[in-house]
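Q: the sequence and its predicted three-dimensional model are supplied below.
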Amino acid sequence: MARQEIILLFWDCPECGHAHIPGPTQRCPNCFWWRDRETNFYEAPDSRVLSPEELEQFQGPDWICKVCGAANPERGEPVANLLCGNCQQWQTNSLDLGDAAPDDLAAGIAVAKKHGEWQDGFHLPPETAANSKRQPSRAKADCRKYGWFALIGLVAFGAVGVGWGLLVPRIIEAEVIARNWTVSIEIQELRPVREGGWSLPTGAYNVTSSQRQSGTREVQTGTQTQQVEVAYEEQVGTQEECTTVSRGDGTGERSCTDVPVYATRYRTETKEVPVYRTEPVYDTWYDYTIDAWQRLQVAVASGTDDQPRRPPAVSRGNSPYPQQTLAPVETCQVGVRYQRRQQVETQTWTLPCDQYDQLATGQAATFKRHLGQTALQSTE
């Protein structure tokens, strides 16, 4: 069953923060700020349905006297010219709100729902009303509102900065106090190696095979009857769902429809389910011999300072197997001394050998350290 009704909406003053103002009221009852296109109407728990008489009544009064609480029609006058027709009191206010009349508001926009409690009537508590002239402007209120977010953001940014600082390269000015290098060459032999696997690689010989279990499989042996619980959805009633759109005048058009409500039920069903047994799976396993390069030895040459960096002499002994030598591998290191936090530290760093060649013992240089790696920046 569908129904439509006109309900009362509310709005909050963005200028002074006064909340829960009846929608048709065009001026804030606290600071007389005109609602404009920035105003967002909302539906509250006390958004009652308006009778035709109430609807007509709400078309008239547009601002509320701060002295006696009487309703007055809105004629677009500046705040300084607002005179209550009931108590003949001027509605003075220190805020500069301009002389422009309120804008027409758009209709047909969906409104949100708010939950909470507000005091009856249009006025703030006495202590708040007494300080209304000291209420901050909208800009100041926004600044204070978002100030906490800015502070939280700065703290989070600082924490990220500390973590980032650990990843930022360090520039270190240090004195070279030692230099040394090594050149290594690996010698390999092509030897027969006994291996095994489920397939034969190219070049395998002396092959033997056997049957081994390589896994298992599930084999259906039949079926059996089982009682199973099957879920299904059953309608258990209806519930009313409503949506409200603004009519642009502080009231809303609420449309409500009944929608079905379902619950999950279970029923027992009998069905045939397969029965399985686990069986081993066998395959052919191969044992074979294959020629593969194996490390025989590593020849190493080392030196310090300006000694020529040459690879070690490699001697191949008498062997029935073919041999090969891999490309030389050069490693260059420098010992350094530098001051950090009023203390002298000494460390040994590995450098690319072309950078190592630019240095001499006793020389000052600038290095970059990043994630455990060192690079020469400049020499002095």
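A: Okay, I see it. Numbering: from 1, shown residues only.

Q: touching stretch 183-203 from outside, list them.
A: Outside stretch 183-203, the residues within contact range by CB atoms under 8 Å, 6 or more residues apart in numbering are 207, 214, 283-302, 309-312, 314, 316, 319, 321-331. Bear in mind the C-beta positions are built from the backbone N, C-alpha and C, glycine included.

Q: next, the buried residues of it.
A: Buried positions in stretch 183-203, judged by neighbour count with 16 or more other CB atoms under 10 Å: 183, 184, 185, 186, 187, 188, 189.

Q: thinking again about what came up before, quick one: buried ones out of the contacts of stretch 183-203?
A: Those of those that meet the buried threshold are 285, 286, 288, 290, 293, 296, 299, 301, 309, 311, 328, 330, by 16+ other CB under 10 Å.

Q: how about those in JSON lines, adding pLDDT?
A: Formatted as JSON lines, these follow (pLDDT from 0 to 100):
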{"residue": "285", "pLDDT": "97"}
{"residue": "286", "pLDDT": "97"}
{"residue": "288", "pLDDT": "97"}
{"residue": "290", "pLDDT": "97"}
{"residue": "293", "pLDDT": "95"}
{"residue": "296", "pLDDT": "91"}
{"residue": "299", "pLDDT": "93"}
{"residue": "301", "pLDDT": "95"}
{"residue": "309", "pLDDT": "92"}
{"residue": "311", "pLDDT": "93"}
{"residue": "328", "pLDDT": "95"}
{"residue": "330", "pLDDT": "96"}
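
Q: quick one: the helix or strand residue 365 falls within to chain centroid distance?
A: Using DSSP states H and E, residue 365 falls within strand 364-370. Counting by CA atoms, centre = their mean, to the nearest Å, strand 364-370 is centred 36 Å from the centre of its parent chain.

Q: likewise stretch 26-42?
A: With CA atoms, centre = their mean as the basis, stretch 26-42 stands 36 Å off its chain's centre.

Q: repeat that for stretch 290-307.
A: Mean-position distance between stretch 290-307 and its chain equals 51 Å (CA atoms, centre = their mean).

Q: look up how far residue 251 lies from the residue nearest to residue 63 when sequence neighbours are not counted.
A: Excluding the flanking residues, the one nearest residue 63 by CB to CB, 6 or more residues apart in numbering is residue 27, at 3.8 Å. Distance, residue 27 to residue 251, using CB to CB, to the nearest Å: 17 Å.

Q: likewise for residue 282?
A: Note on residue 282: its distance to residue 251, by CB to CB, is 82 Å.

Q: these two: who's more crowded?
A: residue 251 (24 against 12; other CB atoms under 10 Å).

Q: tell me the phi and psi of the more buried one?
A: Backbone geometry at residue 251, expressed as degrees, to the nearest 10, gives phi -110, psi 160.

Q: tally up the residues packed near the closest residue to it other than its chain neighbours, please.
A: Nearest residue to residue 251, sequence neighbours excluded (CB to CB, 6+ apart): residue 6, at 5.4 Å. Residues lying near residue 6 (other CB under 10 Å) number 17.
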